[in-house]
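**Student:** got a structure for you, letters missing:
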Ligand SMILES: Cc1cc2nc3c(=O)[nH]c(=O)nc-3n(C[C@H](O)[C@H](O)[C@H](O)COP(=O)(O)OP(=O)(O)OC[C@H]3O[C@@H](n4cnc5c(N)ncnc54)[C@H](O)[C@@H]3O)c2cc1C
């Protein structure tokens, strides 16, 4: 099956498309994590606020319903990246990330969202000898910031999860969970509806324009006039507000999902603690168990299409599925008899510093947050808090952080954008082949603090 596993068993019925012209205080464009967390945080602070969410397809149609379901506390796409881009704010960002992670877990429990949340931590594995030193460095950095990590040698890591390719591991015991993201996004929509938020699916916004002192979001069948709009369309944002394209490139990321493993098949690999895992190349795989013991195996390729291409024609890629399957078979030869029965892909919006970009348009009538790179499940909740502060508490200290108040270095327009992405992809692949040694192109990008990632 080629639709996301996470979206195929939705329990709540679809909502009706917007018909006619209505008024609201805030209109939110996009029914993924950013849009829904923002709606929830607005209603927590102002329960009477009239909020309408317009979703082009169905809730979770974008990355929120297709991701790996790793919930990580880091707001900065990992500590190392945070240290590179926000050294002066890193301690505060780490604290905010932990607080946000705990808040997410609390929200899920308090609201009774059944999304298979498992606080199992994460496990990074080295599959090449040069990655072993990187894991040791990463362990030291995590410990300096108070994290509970353990370095594992080959024997110990294979005790956790057995693969002949694993040479070492770094077990992060705190700040990481796995979740069924489809259930989470659906649960957030249910909670929002319970608080009076009006959600219209099948309602693609075709224009977002100033309307007096406010803003009007129009679809084919109606419109919402509101004081403010939140653009929560992540990798699709340039289709609604063109100039957001400078902040990000959409890179397509793909996953495979096995059939449920039997207990005998599970016993061949171990994985008793069920950590979310990833290997440690510049091009990396991520892998995890689902509630019913399927293995989700994704990542590695990050495919860009000229002109920020997004949409159904990019949601599948045979060549990447074949490559991922080969990599899975060599990682877990003992699971040669386990077939894949689902595969899908989706767009990740990455910025040049791999962290969310906040901004506004139409003279501040439209606010947006986008570009979480591959770690948006938890970071979107933090973004909802920032967007809420921008609307309701403009003197909030959160808004003074460089992290929230400055834009990442912009990507150039086409054709330079495409050229830059292709050069970088090739340089990354070359670095992985050369024991991690970064060539002149990557070193030049590192020196000015830019890149792209998945
Ligand atoms: C394959 C994959 C794996 C990933 N794995 C992880 C992971 O394991 N952990 C992690 O933390 N992050 C992961 N991510 C990233 C994470 O999923 C995203 O950062 C996050 O879901 C972004 O949420 P969002 O609401 O901003 O965007 P989206 O979920 O993309 O939501 C945007 C919504 O806007 C809608 N929309 C678009 N245009 C319009 C319009 N004109 N009008 C109305 N609606 C519109 C779309 O249909 C969509 O539903 C992954 C992403 C992908 C693609």
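**Tutor:** In hand now; what should we look at? Model, not experiment: these values are computed from the prediction.
**Student:** Could you use CA atoms for every contact and neighbour count after this?
**Tutor:** Noted.
**Student:** Was I right to think residue 35 contacts residue 26?
**Tutor:** No. Assessed by Cα atoms under 8 Å, residue 35 is found out of contact with residue 26, at 11.2 Å.
**Student:** what is in contact with these two at once?
**Tutor:** Common contacts of residue 35 and residue 26, defined by Cα atoms under 8 Å, 6 or more residues apart in numbering, comprise residue 230.
**Student:** what does the stretch 1-150 of the chain put close to the ligand?
**Tutor:** The stretch 1-150 of the chain comes close to the ligand at residues 29-35, 54-57, 59-64, 66-71, as judged by Cα under 6 Å from any ligand atom.
**Student:** Need the pLDDT of residue 95.
**Tutor:** On the pLDDT scale, residue 95 is placed at 97.
**Student:** Would you pull up how far the helix or strand encompassing it lies from the middle of the chain?
**Tutor:** Element membership for residue 95 (DSSP states H and E) is helix 90-110. Centre-to-centre, helix 90-110 and its host chain are 16 Å apart (Cα atoms, centre = their mean, to the nearest Å).
**Student:** so who does the residue nearest to residue 35 when sequence neighbours are not counted touch?
**Tutor:** Leaving aside its chain neighbours, residue 35 sits nearest to residue 232 (5.1 Å; criterion: Cα to Cα, 6 or more residues apart in numbering). Residues counted as contacts of residue 232 (Cα under 8 Å, 6+ apart) are 28-32, 34-35, 368-370.
**Student:** which residue ranges form the helices in the stretch 251-400 of the chain?
**Tutor:** In the stretch 251-400 of the chain, the helices defined using DSSP state H, counting those that start in this stretch lie at 263-269, 318-331, 379-392.
**Student:** looking at those, which is closest to the ligand?
**Tutor:** Closest of these to the ligand is helix 379-392, at 6.3 Å (criterion: Cα to the nearest ligand atom).
**Student:** How far does the helix or strand following that closest one sit from its chain's centre?
**Tutor:** Downstream of helix 379-392, the next assigned helix or strand under DSSP H and E is helix 402-405. In terms of Cα atoms, centre = their mean, the centre of helix 402-405 is set 19 Å apart from its chain centre.
**Student:** Helices - which of the contacts of residue 232 land there?
**Tutor:** Members of the contacts of residue 232 lying in helices (criterion: DSSP state H): 34-35.
**Student:** what bridges to the nearest residue to residue 324 once chain neighbours are set aside?
**Tutor:** Spatial nearest neighbour of residue 324, chain neighbours left out: residue 298 (7.0 Å); criterion: Cα to Cα, 6+ apart. Residue 298 has these beta-bridge partners by DSSP bridges: residue 255, residue 286.
**Student:** ditto for the one 5 residues further on
**Tutor:** Each beta-bridge partner of residue 303 is listed here, defined by DSSP bridges: residue 252.
**Student:** what about it, distance to the ligand?
**Tutor:** Distance, residue 303 to the ligand, using Cα to the nearest ligand atom, to the nearest Å: 11 Å.
**Student:** For residue 57, list the residues it contacts.
**Tutor:** 201-204.
**Student:** what sits against residue 219?
**Tutor:** Applying Cα under 8 Å, 6+ apart, the residues contacting residue 219 are 18, 203-207.
**Student:** quick one: secondary structure of the closest residue to it other than its chain neighbours?
**Tutor:** Once flanking residues are discounted, residue 219 sits nearest to residue 205: 4.6 Å by Cα to Cα, 6+ apart. The three-state label given to residue 205 by DSSP: H, G, I helix; E, B strand; the rest coil is coil.
**Student:** Which phi and psi values does residue 205 adopt?
**Tutor:** Backbone torsions of residue 205, given as degrees, to the nearest 10, read phi -80, psi 120.
**Student:** That one is in contact with residue 216, isn't it?
**Tutor:** No. In terms of Cα under 8 Å, residue 205 does not count as a neighbour of residue 216; the distance is 9.9 Å.
**Student:** out of those two, which sits in the more crowded spot?
**Tutor:** Legend: neighbour count by other Cα atoms under 10 Å for residue 205 and residue 216, higher for residue 216 (25 against 22).
**Student:** sorry, back to before: would you quantify the distance from the residue nearest to residue 324 to the ligand?
**Tutor:** Distance of residue 298 to the ligand, given as Cα to the nearest ligand atom: 7 Å.
**Student:** Report the contact partners of that residue.
**Tutor:** Shown in contact with residue 298 (Cα under 8 Å, 6+ apart): 68, 253-256, 285-287, 324.
**Student:** Among those residues, which one sits closest to residue 263?
**Tutor:** Using Cα to Cα, residue 287 comes nearest to residue 263 of those, at 18.3 Å.
**Student:** what residues are up against residue 127?
**Tutor:** Residues near residue 127 by Cα under 8 Å, 6+ apart: 165-168, 279-281.
**Student:** repeat for residue 155
**Tutor:** Residue 155 makes contact with residue 168 under the criterion Cα under 8 Å, 6+ apart.
**Student:** Please report the distance of the residue most central in space within the chain from the ligand.
**Tutor:** The residue lying closest to the centre of the chain (Cα atoms, centre = their mean) is residue 376, at 2.9 Å. From residue 376 across to the ligand, the span is 3 Å (Cα to the nearest ligand atom).
**Student:** for residue 409, same thing?
**Tutor:** 19 Å.
**Student:** what's the answer for residue 122, then?
**Tutor:** In terms of Cα to the nearest ligand atom, residue 122 sits 11 Å off from the ligand.
**Student:** can you count the residues close to that residue?
**Tutor:** Neighbours of residue 122 under the rule other Cα under 10 Å: 26.
**Student:** Wait, it touches residue 171, no?
**Tutor:** Yes. Here residue 122 reaches residue 171: they are 6.0 Å apart, a contact under Cα under 8 Å.
**Student:** Can you pull out the low-pLDDT segments for the stretch 251-400 of the chain?
**Tutor:** Residue ranges of the stretch 251-400 of the chain with pLDDT under 70: none are present.
**Student:** Phi and psi next, for residue 352.
**Tutor:** Main-chain torsions, residue 352, degrees, to the nearest 10: phi -70, psi -20.
**Student:** mind listing what it touches?
**Tutor:** Counting by Cα under 8 Å, 6+ apart, residue 352 has contacts 247-248, 408-411, 449-452.
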